[in-house]
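S.K.: Sequence first, predicted coordinates after that:
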2 protein chains.
Amino acid sequence: MPKVYRHSLSKRRKVVVTSVTPQSRAEEAASSLLAYLASSKLTVGQRLPAERVLAEQLGVSRGILRESLTHLATLGIVESRVGSGTFLCKRPSSNEQHVVMTLDAQRDTLVRYLELRRALETEVVALLAQRATAADIAYFEELVNAVEVEHYTKGTAHESDKRFHLALYERVDNPLFLQILMPLWNVLEHLWNSPLGNTEVGQGTLPLHRQLVNCLRAGDVNGARASVTAMLDSVEQDLRTTDLAAQGHLKRAVPSTNVSDLFIQGGDSEAA
Amino acid sequence: MPKVYRHSLSKRRKVVVTSVTPQSRAEEAASSLLAYLASSKLTVGQRLPAERVLAEQLGVSRGILRESLTHLATLGIVESRVGSGTFLCKRPSSNEQHVVMTLDAQRDTLVRYLELRRALETEVVALLAQRATAADIAYFEELVNAVEVEHYTKGTAHESDKRFHLALYERVDNPLFLQILMPLWNVLEHLWNSPLGNTEVGQGTLPLHRQLVNCLRAGDVNGARASVTAMLDSVEQDLRTTDLAAQGHLKRAVPSTNVSDLFIQGGDSEAA
DNA sequence: GCGTAGAATTGGTTCAACCATTTAATGGCT
DNA sequence: AGCCATTAAATGGTTGAACCAATTCTACGC
C-alpha cells in the first residue's frame, strides 16, 4: 500500500496493469491524459479542457498537471496559449512511442547529415517512382517550375527548393520519412545560412530537379535514384570547395563552447 | 517586495541577441539550464544542484523550475531520482536541435518501418564497405558467429541478430544512423513479439549475414547493399505470408496538409 | 448594427508548506 | 578499530491558495 494522499482518492485511476513502474503522479497524469486524448473526439486544433478542470478530473494538483502538460508539449502533442487555452497539435494514438532525436548542428558534422539525407531521399524517390500518382507528378512539376522561376529571377531558389523536396517527402505515403527529413532539412538550412551567410550550395542541381521529375513520371527507379545522388554529390562538392571546415569529415574539431551563459554566480546583481 | 515579476525581467532584457521569442519564464529557465549544462564540467551521470538551488539561481519558483526539468527530462537530458537528486543523462551542446519522432507501433504500418530501415541500412553498409576498419570487420565476424550459434542452438537468433545490426549502425561513424535505427529496431522488435508471440520473421536471412560481412571486407559496396536488400526482402516476404494485416500497404489516404497548419478555432468545451 | 468597456476565463507564476525516499552523520556496542 | 542501528539532514514529489497578464466572452450604450 504505497502512497495514499488522503483526498482525491475518489478520482484515482484504476490501476489495472500497474504491475510495472509505480510512476510518479505526474507521469500517471501524463499517460492518463494521453489515453484521454487518444479516446476523445478532439481533432487537431481543438481546445482541451482548462488546466483547472483537467487537474481535478485527474485528481492531481494543477502544478503537477502542468508538468504533465509540459511533457506532452515537449512531445509536440499539445500547445498552450496564455489566456486562450491548451490546444491539440497532434492526435496521439495508443501503441505509439516517442523518440527524441538530437541533431547537433555543428558545421563540421554537415557531411553526416548529407549522408543521412542521401540514404533517405534516394529511397524516397525510388518509392515515388513506383507509387506516385499522376496528381503527384503534376504537383512536382509545378514546384519544379517554381524552382526554376525563382532561380532565374532571384539567383537562388532556397524557398521553392525546400517546398519541392518537402513535397517529395510528403507524397511518399510514409509519414516516417517526413518526420525525419523535415527537421533534418531545417538543420541543414540553418547550417547553410548562419555561419557564412547564405552559402550558395547546390547551384548546379537545377537541371537535376526536372530530370528527377521525369524519372518519377517514367517510373524509372534507378534514374530517380541517380538524380538524387547527383544532386547530393553536387552539394557535397560545393561544400568541399567553398568550406574549409568541411574537409576531412572525420576530424574532431574543438567543441567551441562560447555562447553567453548568464548564469549562477550569486544570483542577483544590479547591472543596470 | 514579494511581487517581483519585473525586477528580473528588467535586467534580463538587455543587449542580448534574443531578438525574437519572448518565451515564458519556464522556457527561459530551460534554455538557461541547457546553456549551463553545456558549459559546466558536469559529466554524464553526475548530479545537478538541488532543485531549490537551481530555482533560486535562475530566479524562478521551484514549480517553474520543475517544469523546465520536466522538459529536459522528456528530451532525455536529465533524470530525477527521488531523495537522491537530478542527474545528467546526456551532455547537451549548444547549437543542437531536439526532434521528437512519433513511431506508431501499429502492425499494419510495419511495412513503412521496413521501408525506412531499408533506406538507412543499405546506406549504412554501403558506407561501411568503404570505411570499415579491419577491427570492425573482425568484430562483425565475431557477431555473425554468435548469430549462427544462437540460431543452431536455440532455433532463433533474435538477441545476437540485434547485436549484429546495432553494431553496424554503431560502427559507421555517423551517430545519426544509430539515433534513428536503435529506436526503430526497438519498435520493430516490439511489433514482432507482441501481437502474435515471437513471430519467426527473417528465418531465411541467416546466410546473408555472413555474405554481408564478406562484402564489407572486400569493400564491395553493391554487394553489401544487395545483401541487406535481400535480407529485408526476406523479412517482408515473411510478413506478407504470415500476416494478413500487412496487405495493401499502398492504400492511399488523404494527402496530409502542408507544412504549416495549426490555427485557432472556435472554442469548444465538453469532453469525457 | 456595431464597437467597446468590463467581467469571466485561461494559462503563467509564486509561495509556503508537507510527504516519502535516500543519503550522510552520529553514537553506542562489541 | 570496526560494525550497525538510529537519527538527522537533504532531495525530489505534491499540494493549495493566491495573484498576474493575456485572451475571450458578454452586455450595454450609441
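M.R.: That came through, no problem. Numbers count the residues shown, from 1 in each chain, chains lettered A, B, ... in the order given.

S.K.: Please list all residues in contact with the spatially most central residue of chain A.
M.R.: Nearest to the geometric centre of chain A sits A:Pro183, at 3.7 Å (C-alpha atoms, centre = their mean). Contacts here follow C-beta atoms under 8 Å, 6 or more residues apart in numbering or on different chains; on that basis A:Pro183 touches A:101, A:103, B:97, B:99. Just so you know, the C-beta spots here come from the backbone N, C-alpha and C atoms, and that holds for glycine as well.

S.K.: Just the buried ones from these?
M.R.: Among the contacts of A:Pro183, those buried by neighbour count (16 or more other C-beta atoms under 10 Å in any protein chain shown) are A:101, A:103, B:99.

S.K.: On the pLDDT front, check the second one for me.
M.R.: A:Leu103 carries a pLDDT value of 82.

S.K.: before we move on, what about A:Arg240?
M.R.: In this model, A:Arg240 is scored at 78, pLDDT.

S.K.: Can you confirm whether the strand or helix carrying it lies near chain B?
M.R.: Using DSSP states H and E, A:Arg240 maps to helix A:221-242. No - Helix A:221-242 does not reach chain B (C-beta under 8 Å from any C-beta of the partner chain); its nearest approach is 10.9 Å.

S.K.: Check which residues of that helix are buried.
M.R.: For helix A:221-242, by 16+ other C-beta under 10 Å, it's A:221, A:223-228, A:230-232, A:234-236, A:238-239.

S.K.: likewise stretch A:187-196?
M.R.: Buried residues in stretch A:187-196 (16+ other C-beta under 10 Å): A:187-188, A:191-192.

S.K.: Among these, which are located in helices?
M.R.: Of the buried residues of stretch A:187-196, the ones assigned to helices by DSSP state H are A:187-188, A:191-192.

S.K.: among the residues you listed, which are in reach of DNA strand D?
M.R.: Subset of these in contact with DNA strand D: empty, counting by C-beta under 7 Å from any atom of the strand.

S.K.: Which single one of the contacts of A:Pro183 is nearest to B:Pro207?
M.R.: A:Met101 (33.5 Å; C-beta to C-beta).

S.K.: for the closest one, phi and psi?
M.R.: phi -110, psi 130 (degrees, to the nearest 10).

S.K.: again with A:His98
M.R.: Here is the backbone geometry of A:His98 (degrees, to the nearest 10): phi -100, psi 130.

S.K.: what are the ranges of the helices in the stretch 151-272 of chain A?
M.R.: Assigned by DSSP state H, counting those that start in this stretch, the stretch 151-272 of chain A shows helices spanning A:158-171, A:175-193, A:206-218, A:221-242.

S.K.: Go through those and find the least confident stretch.
M.R.: Mean pLDDT, when computed for each of these, is lowest for helix A:175-193, at a mean of 85.

S.K.: how far out from the middle of the chain is that helix?
M.R.: Chain-centre distance of helix A:175-193: 7 Å, with C-alpha atoms, centre = their mean, to the nearest Å.

S.K.: so where is the stretch 1-150 of chain A shaky, pLDDT-wise?
M.R.: Within the stretch 1-150 of chain A, the stretches with pLDDT under 70 are A:1-22, A:107.

S.K.: How about the residues of it by DNA strand D?
M.R.: Going by C-beta under 7 Å from any atom of the strand, the residues of the stretch 1-150 of chain A near DNA strand D are A:5, A:7-8, A:24-26, A:59-64, A:67, A:81-84.

S.K.: buried subset of those residues?
M.R.: Buried, going by 16+ other C-beta under 10 Å: A:25-26, A:59-61, A:63-64, A:67, out of these.

S.K.: Does A:Val100 belong to a helix, a strand or coil?
M.R.: strand (DSSP: H, G, I helix; E, B strand; the rest coil).

S.K.: residues near it, how many?
M.R.: By other C-beta atoms under 10 Å in any protein chain shown, 17 other residues sit near A:Val100.

S.K.: so what's it up against?
M.R.: Neighbouring residues of A:Val100 by C-beta under 8 Å, 6+ apart: B:74-76, B:98-101.

S.K.: 7 Å instead, please
M.R.: By C-beta atoms under 7 Å, 6 or more residues apart in numbering or on different chains, the residues touching A:Val100 are B:75-76, B:98-100.

S.K.: residues in contact with the helix holding A:Arg240?
M.R.: A:110-111, A:114, A:117-118, A:121-122, A:125-126, A:128-130, A:199, A:201-205, A:208, A:211-212, A:215-216, A:246-247.

S.K.: In PyMOL, how would I select the buried members of those?
M.R.: Buried members of the contacts of helix A:221-242, defined by 16+ other C-beta under 10 Å, are picked up in PyMOL with:
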select buried, chain A and resi 110+111+114+117+118+121+122+125+126+128+129+201+202+205+208+211+212+215+216+246
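
S.K.: just to revisit the earlier point, next, the angle helix A:158-171 makes with the helix holding A:Arg240.
M.R.: Counting by axes from the mean of the first three to the mean of the last three C-alpha atoms, to 10 degrees, helix A:221-242 lies at 140 degrees to helix A:158-171.

S.K.: what distance separates helix A:221-242 from the centre of its chain?
M.R.: Relative to its chain's centre, helix A:221-242 lies at 23 Å (C-alpha atoms, centre = their mean).

S.K.: quick check: angle from that helix to helix A:206-218?
M.R.: Going by the same axes, to 10 degrees, helix A:221-242 makes 160 degrees with helix A:206-218.

S.K.: Next, the angle helix A:175-193 makes with helix A:221-242.
M.R.: 20 degrees.

S.K.: Now tell me what touches stretch A:74-85 from outside.
M.R.: For stretch A:74-85, the surrounding residues in contact (C-beta under 7 Å, 6+ apart) are A:47-48, A:50, A:69, A:72-73, A:86-90, A:92, A:98, B:71, B:74-75, B:100, B:267.

S.K.: hang on, isn't A:Phe87 packed against A:Val44?
M.R.: No - A:Phe87 is not in contact with A:Val44 according to C-beta atoms under 7 Å; the separation is 8.5 Å.

S.K.: Show me which of those two is the more surrounded one.
M.R.: A:Phe87 (20 against 13).
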